[in-house]
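J.: what's the 3D shape of this:
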Amino acid sequence: RCSGARTHAEGRRAVAMKASLRVLSAADCSAPPARSSHAAAAVGRRAFVFGGESGPRVCVDDGGAALRVHAFDVDKGAWQCDVAAAGGGDAAPVPLLGLGAACTAAEQSVVLFGGRTGGTLGGGNDKADVYVFDVATGAWQAAAAAAAGDLPPPRSYHAMCASANCVYVFGGCGADGRLADLWRVDMRARADGWRRLA
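T.: Numbers count the residues shown, from 1 in each chain. Next up, the predicted model:
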């Protein structure tokens, strides 16, 4: 046993003493509609929720409409609905994907990748777009760094995480079925874009 290391039992006791779980719910009717197959990420003390489905293959945001963003403030115990700024026209682009997207927190932003606009798997509705949501301004922007390199195939229901300046995407469902590939993109503006790792 290494000096200073905890036994398994000691570790379990420490976790049990530190862990606490409480149900967080809105005190009024401002909560967004129930959903599944959505994307969510936490930045600071707020959790951001994007898209999802209200029933099998039914986009909660109607698919073709701009993706709505909702935030839950942990300190206030309350939802903030529609926190994204309006887009379209000459404004910054907004994602149109509805369900099965993935996102991850990256500094003070949320990076969103892939997803579908509805329909059946492999029906040509999967996307491979990357958007960045600025949690301070509520503005979307297309990720220029993610438009370079060998682009990953469109997909939905994949996993995503971030480390330092890089975002990683793994697996999901593509046009030809389930995927097991791993991709990385460096989000810095002068980076080389996507790179397949496995």
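J.: any idea how far the nearest residue to residue 45 once chain neighbours are set aside lies from residue 106?
T.: Closest residue to residue 45 apart from its sequence neighbours, by CB to CB, 6 or more residues apart in numbering: residue 74 at 4.7 Å. Any C-beta I mention is one placed from the backbone N, CA and C, and that applies to glycine too. Remark: distance between residue 74 and residue 106 (CB to CB, to the nearest Å) = 19 Å.
J.: and for residue 133?
T.: Counting by CB to CB, the gap from residue 133 to residue 106 is 10 Å.
J.: please apply the same query to residue 81.
T.: Taking CB to CB, one finds residue 81 at 23 Å from residue 106.
J.: one more: residue 70?
T.: Residue 70 is 19 Å from residue 106, by CB to CB.
J.: residue 136 too?
T.: In terms of CB to CB, residue 136 sits 13 Å off from residue 106.
J.: more neighbours, these two?
T.: Comparing residue 136 with residue 106 by other CB atoms under 10 Å, the one with more neighbours is residue 106, at 19 against 9.
J.: what's the local residue count around residue 187?
T.: 20.
J.: what about it, distance to residue 38?
T.: Plainly put, residue 187 is 22 Å away from residue 38 if you go by CB to CB.
J.: how about low-confidence regions in this protein?
T.: 1-29, 61-66, 86-94, 96-97, 118-124, 145-146, 189-191 (pLDDT under 70).
J.: how about a cut-off of 80?
T.: Applying pLDDT under 80 to the chain flags the ranges 1-30, 57-67, 85-98, 117-125, 144-149, 188-192.
J.: tell me where it has helices.
T.: Using DSSP state H, the helices assigned to the chain run over residues 8-18.
J.: can you tell me which residue is spatially central in it?
T.: residue 103 (1.7 Å; CA atoms, centre = their mean).
J.: hmm, that one is touching residue 50, no?
T.: Yes - using CB atoms under 8 Å, residue 103 is in contact with residue 50, at 6.0 Å.
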